[in-house]
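J.: sharing a model that was predicted from the sequence below.
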Amino acid sequence: MKHSITRKITTIMISIVAGTVLLCWFINTTLLADYYISHKKDILIETFQTVDAAYANGDGDTEEFQIELEKICANSNITLMVISSNGTIMQSNVSNKDMLLEQFLEIMFSAQSQDAVVIENAENYTIEKTADTRLKSDYLVMWGTMQDGNKILLRTALESIKESVEIANRFLAYVGIASVIVCAIILYFVTKKITNPILQLAEISKRMTNLDFEAKFQSKGENEIDFLGEHMNQMSETLEKTISELKSANNQLKIDIEKKEQIDEMRKEFISNVSHELKTPIALIQGYAEGLQECINDDEESREFYCDVIIDEAEKMNRMVKNLLTLNQLESGNEQVVFERFDVVEVIQGVINATAILREQNGIDLTFQVEKPMYVWADEFKTEQVLTNYISNAIHYALGEKRIVITVKKTGDIVRIGVFNTGNPIPEPEIEHIWEKFYKVDKARTREYGGNGIGLSIVKAIMESFHRDCGVINYEDGVEFWFELDGKNG
């Protein structure tokens, strides 16, 4: 991710560490030398005060003081010389006393060298930074007059400060580089631990925008991100429920808008078709009932045959009336359609199991190989009705190999279910009429298994209530009926 939080936090923290190291380097370079000189000056003043106090108290020649003074000079790299008022060297920690005395007198009584810089000029002493042209070294020199009137010269070399600054800066550079690298590695893993849950939440929200509510945030603690994840889980559940209710309400609204315009026409068509379809079974029932009444055939076998015909026709009329009522409710919009999310593969498998005995009786082989779930938005009960009608028709019309193949394919947000059966293709002129109520392509076979041409009309009405398509495709060896469902969340 180009602008990831991990990258930003790591960059910011590395910049802070690197900036801190650079600041320390700059301070070392510009201020460390001055601080060192100031520190050296304080040591010279402290040493001067110690020697002055010792000589003022008469302890200047004691062994104890000499040891303490030697320790101070050795630790602070100080050259010291005490001179009496008559020019006699009273004390010195260098072997070449005459040369140091000469330098002392030159500093005290000659004009200030152009290379010398006065650091501090007090009442009884002077401190300056000077250069030794012979040794090509810088020194901090202090001379003054003690309480007993004796003169004192203190000198300490400053050349080591340059080397110390260089060494400190070099060491700081190594430490800074190592710190930046270690900081980068630690920050990468630390920020990853923080941002991974955020990325998980981002992925969940992305799936929610596509109306996929299956993903849930797995909480591992009780920090702010975990609370946010829990709330997103609750929002996901609420959204799924709300969308389901909205789909149902929206579908019902569409149906209500169309319902009033269709009611009158549907009533007229319904009455006409019912009258036509009931005419034949009523005539048969009436004819055979009159035959029984007039005792046309007195033998028991004939009477039983007449009764069977009457019962059979009455059963067909009863089945037709039930289908007509179902169809009428669908077309008039009185049949409530409840949209919900379910696995259509599971529904197909249920219809397959329910029709197993009928397939065995007709010697039909059925193929259905979809194993993974396929989720859709629809009315589960009515979807089962469509599948039952398609598979029942396929069983009754299967010829030749007597084979049925059920397919489920998803393209984009649409899931298409197809039911193919081997047999005779439907004549092309007949295809546009097969969805009409009471229309029969093969009237002989339809009558044979008790069909009345309403089943596909019910399918069509259900699919229109879903606002989805259905259709039929002819093949050389059979026919495939199909319908589509909303698989956006599947």
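T.: Okay, I see it. Numbers count the residues shown, from 1 in each chain.
J.: quick check: which ranges of the stretch 151-300 of the chain have low pLDDT?
T.: 159-162, 213, 219-224, 227, 260, 263-264, 266-280, 296-298 (pLDDT under 70).
J.: can you do 80?
T.: The model of the stretch 151-300 of the chain has pLDDT under 80 over residues 158-169, 172, 176, 184, 187-237, 239-240, 258-300.
J.: can you pull out the strands in it?
T.: Chain-ordered strands for the stretch 151-300 of the chain, with DSSP state E, counting those that start in this stretch as the definition, fall at 151-157.
J.: show me where it has its helices.
T.: Taking DSSP state H, counting those that start in this stretch as the test, the helices found in the stretch 151-300 of the chain are 159-209, 224-294, 300-332.
J.: and those, which is most packed in?
T.: A comparison of those by mean neighbour count, using mean count of other CB atoms under 10 Å, puts helix 300-332 on top with a mean of 15. (C-beta placed from N, C-alpha, C; glycine too.)
J.: who does the helix or strand following it touch, helix- and strand-wise?
T.: Tracing the chain C-terminally past helix 300-332 and defining elements by DSSP states H and E, one meets strand 340-343 next. Taking 3 or more CB pairs under 8 Å, 6 or more residues apart in numbering; DSSP states H and E as the contact definition, the neighbouring helices and strands of strand 340-343 are helix 224-294, strand 375-378.
J.: between those, which one is closest to Val337.
T.: Closest of the helices and strands packed on strand 340-343 to Val337 is helix 224-294, at 5.6 Å (criterion: CB to CB).
J.: give me the angle between the closest one and helix 159-209.
T.: In terms of direction (axes from the mean of the first three to the mean of the last three CA atoms, to 10 degrees), helix 224-294 departs from helix 159-209 by 10 degrees.
J.: elements contacting helix 224-294?
T.: On a contact count with 3+ CB pairs under 8 Å, 6+ apart, helix 224-294 meets helix 159-209, helix 300-332, strand 340-343, helix 455-466.
J.: partners of the shortest one in the sheet?
T.: When you say that, I think you mean strand 340-343. Under the criterion DSSP bridges, strand 340-343 sits next to strand 375-378 (antiparallel) in its sheet.
J.: any residues touching the partner strand, and which ones?
T.: With CB atoms under 8 Å, 6 or more residues apart in numbering as the test, strand 375-378 has contacts from 244, 247, 339-344, 383, 415, 466, 468, 485-490.
J.: for whichever helix or strand comes after it, packing partners?
T.: The helix or strand immediately downstream of strand 375-378 is helix 380-397, counting by DSSP H and E. Helices and strands touching helix 380-397, as assessed by 3+ CB pairs under 8 Å, 6+ apart, comprise helix 344-354, helix 356-362, strand 403-411, strand 414-422, helix 455-466, strand 478-486.
J.: of those, which is nearest Leu44?
T.: Distances from Leu44 to each of the helices and strands packed on helix 380-397 were compared by CB to CB, and the smallest falls on strand 403-411, at 90.6 Å.
J.: could I get the helices and strands packed on helix 224-294 in TSV, plus columns for distance to Leu366?
T.: Putting the helices and strands packed on helix 224-294 into TSV (distance: least, CB to CB, whole Å) gives the following:
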stretch	distance to Leu366
helix 159-209	35
helix 300-332	24
strand 340-343	19
helix 455-466	19
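J.: among these, which is nearest Asp138?
T.: Judged by CB to CB, the one of the helices and strands packed on helix 224-294 that comes nearest to Asp138 is helix 159-209, at 5.8 Å.
J.: helices or strands up against that closest one?
T.: In terms of contact count using 3+ CB pairs under 8 Å, 6+ apart, helix 159-209 is assigned the packing partners helix 5-56, helix 224-294.
J.: can you tell me how far Gly87 sits from Lys151?
T.: For Gly87, the distance to Lys151 equals 9 Å [CB to CB, to the nearest Å].
J.: so which of the helices and strands packed on helix 224-294 is nearest Tyr35?
T.: Tyr35 lies closest, by CB to CB, to one member of the helices and strands packed on helix 224-294: helix 159-209, at 9.5 Å.
J.: from the chain's centroid, how far away is the closest one?
T.: 24 Å (CA atoms, centre = their mean, to the nearest Å).
J.: for Ala118, phi and psi?
T.: Let me fix one detail, which is that residue 118 is Val and not Ala. Backbone torsions for Val118, taken as degrees, to the nearest 10, come to phi -70, psi 120.
J.: on that earlier part again, of all the helices of the stretch 151-300 of the chain, which lies closest to Val370?
T.: Nearest to Val370 among the helices of the stretch 151-300 of the chain is helix 159-209; the distance by CB to CB comes to 23.1 Å.
J.: that closest one versus helix 5-56: what angle between them?
T.: Direction vectors for helix 159-209 and helix 5-56, defined by the same axes, to 10 degrees, enclose an angle of 160 degrees.
J.: which SS class is His433?
T.: His433 carries the three-state label coil when classified by DSSP: H, G, I helix; E, B strand; the rest coil.
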